[in-house]
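Colleague: sharing a sequence plus its predicted fold:
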Amino acid sequence: MEIGARHQKPWTVLIYTSASQDLEAAVQASLEEITQFGTPDSLNVVAQMGARGQVQRYQLHQCQQPQTLEPARPAEMNQPEELRNFLRWGMEKYPAQRYAIVLGGHGAGFAGAITDSQRRHMMSLTELEAALGELPARPELVIFNTCLMAQAEVAAQLQTVTEHMVASQSELKGLGLPLAEWLQTLPEQSGGGQAATNLANRCGGERAPAVSAIDLKHFAGLQQSLDLLAEQILDHPEARQRLLEHIQAQPEPWPHAQDRPLVDQLDLGSLCQAWQTDRWLPEALRRRAAAVSEQLKQVSSAGLSVYAPDRPNGSLIDKIYGGLELSQRTRWDEAINSLAKPG
């Protein structure tokens, strides 16, 4: 039996947030915002924040300001064992019927999330998946309070360790997701799907744009459709230039061109819509693009990005991407590499 199954409180929320120097004030303010709003009596909300090479744990429920739970100690938040230990500690000390995990700090999509205090190293998706898969209870919801994590590559990696995810395709600003407001109604949410949709619906505007509730229970169908689309791309080399032109015409969710090619993510729905309506493309390929669009509606409330560069992405990116679940399970990486090759 999973821990917490017979306990009174319906939810425990575990916030693991890294604060490099550029984020320290915002991260601290986001925790304070939760205590200023107040939390329902039926919630446990605890956090571990890392800054300047130190980590500290806080209680946020039934507090007027974050309450320290133990002395600060030297550690870096990008270490998978830190995440694993915090989540295990939180689940054992604050058992509940359901668990939601919030991961905060910097995010870089398929390259990972949660940096050290110097922004030199980041936890990879495979490390994140392993940490989340070694817990005493399965979290119903994983929330990325970071930029760029609403990506097919991220969803593919986490589909075995949680059922629902909330993330943004774009850049979060200020205090990021409206967690304090969302927590007010969390006890009324009967499961991870409702809780994810409720949070995504509260987002928007400059602070938290392009935020999706992502149903990972249905992601396998989307993954299969994406694989079949990739096969069609590889089977029609004569369509390569046309497909590439559509990639180049799509708006970039991440506006900072200096970060390319790492951030060459495009909205999957918009890209497939462009491909499926182009009469110059092979009919079989257009049908597969339409199938991806339909499957996407079953998975994401407001879109999902996918890596689609218009130029060769280099050996380092290939190495990172090649180790991901989406690369292992589909031919998408082969297809996009074929399009990005010059000539």
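Modeller: Thanks, I have the structure now. Numbers count the residues shown, from 1 in each chain.

Colleague: show me the shaky parts of the protein.
Modeller: By pLDDT under 70, the low-scoring segments of the chain are 1-7, 342-343.

Colleague: domain-wise, how is it divided?
Modeller: 11-217, 219-340 (automatic domain parsing).

Colleague: pull the CA atoms of stretch 111-119 into CSV?
Modeller: Written as CSV, here are the backbone C-alpha positions of stretch 111-119 (Å, rounded to 0.1, in the frame of the first residue of the first chain):
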residue,chain,number,x,y,z
ALA,A,111,18.6,19.4,-21.9
GLY,A,112,17.2,19.3,-18.3
ALA,A,113,16.2,21.6,-15.4
ILE,A,114,17.3,22.8,-12.0
THR,A,115,20.8,24.3,-12.0
ASP,A,116,23.4,24.6,-9.4
SER,A,117,23.8,28.0,-7.7
GLN,A,118,26.4,29.1,-10.3
ARG,A,119,24.3,28.0,-13.3
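
Colleague: show me where this protein has strands.
Modeller: 11-18, 43-51, 54-59, 67-68, 73-74, 98-104, 113-115, 122-123, 141-145, 164-168, 211-215, 265-267, 305-307 (DSSP state E).

Colleague: would you convert the ones you listed into TSV that also reports distance to Lys297 and mean neighbour count?
Modeller: All C-beta atoms are positioned from the backbone trio N, CA, C, and that covers glycine. Output for the strands of the chain, formatted as TSV (distance: least, C-beta to C-beta, whole Å; neighbours: other C-beta atoms under 10 Å):
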stretch	distance to Lys297	mean neighbour count
strand 11-18	28	26
strand 43-51	32	24
strand 54-59	39	18
strand 67-68	43	12
strand 73-74	46	9
strand 98-104	24	26
strand 113-115	26	26
strand 122-123	31	22
strand 141-145	20	27
strand 164-168	16	28
strand 211-215	10	26
strand 265-267	13	24
strand 305-307	15	27
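
Colleague: quick one: which of those is nearest Gln189?
Modeller: When the strands of the chain are compared by C-beta to C-beta, strand 11-18 sits nearest Gln189, at 7.8 Å.

Colleague: only alpha carbons, please: show that closest one as PDB.
Modeller: What follows is strand 11-18 as a C-alpha-only set of coordinates in PDB (Å, rounded to 0.1, in the frame of the first residue of the first chain):
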ATOM      1  CA  TRP A  11      -2.600  16.600  -0.700                       C
ATOM      2  CA  THR A  12       1.100  17.200   0.200                       C
ATOM      3  CA  VAL A  13       2.800  19.700  -2.100                       C
ATOM      4  CA  LEU A  14       6.600  19.400  -2.300                       C
ATOM      5  CA  ILE A  15       8.400  22.400  -3.800                       C
ATOM      6  CA  TYR A  16      12.100  21.900  -4.800                       C
ATOM      7  CA  THR A  17      13.400  25.100  -6.200                       C
ATOM      8  CA  SER A  18      16.900  26.200  -7.200                       C
END
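
Colleague: quickly run through the sheet partners of it, with directions.
Modeller: strand 43-51 (parallel), strand 98-104 (parallel) (DSSP bridges).

Colleague: could the ones you listed be laid out in JSON lines, adding distance to Ala208?
Modeller: Output for those, formatted as JSON lines (distance: least, C-beta to C-beta, whole Å):
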{"stretch": "strand 43-51", "distance to Ala208": "19"}
{"stretch": "strand 98-104", "distance to Ala208": "13"}
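
Colleague: quick one: closest of those strands to Asp333.
Modeller: The nearest among these, by C-beta to C-beta, is strand 98-104 at 24.8 Å.

Colleague: how far away from the center of its chain is the closest one?
Modeller: Chain-centre distance of strand 98-104: 12 Å, with C-alpha atoms, centre = their mean, to the nearest Å.

Colleague: over to stretch 22-38?
Modeller: 20 Å.

Colleague: and what of stretch 153-168?
Modeller: 6 Å.

Colleague: now the strands of the chain in TSV, with distance to Ile317?
Modeller: Output for the strands of the chain, formatted as TSV (distance: least, C-beta to C-beta, whole Å):
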stretch	distance to Ile317
strand 11-18	23
strand 43-51	27
strand 54-59	30
strand 67-68	40
strand 73-74	32
strand 98-104	22
strand 113-115	17
strand 122-123	14
strand 141-145	21
strand 164-168	20
strand 211-215	23
strand 265-267	12
strand 305-307	9
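
Colleague: which one of these lies nearest to Glu153?
Modeller: Here strand 305-307 is closest among these (C-beta to C-beta), at 6.4 Å.

Colleague: so how far is Pro209 from Pro136?
Modeller: Pro136 sits at a distance of 35 Å from Pro209 (criterion: C-beta to C-beta, to the nearest Å).

Colleague: okay, those two: which has more neighbours?
Modeller: Neighbour count, other C-beta atoms under 10 Å: between Pro136 and Pro209, Pro209 has more, with 16 against 13.

Colleague: dihedrals phi and psi, the more buried one?
Modeller: Dihedral pair for Pro209: phi -80, psi 160, per degrees, to the nearest 10.

Colleague: lovely, talk soon.
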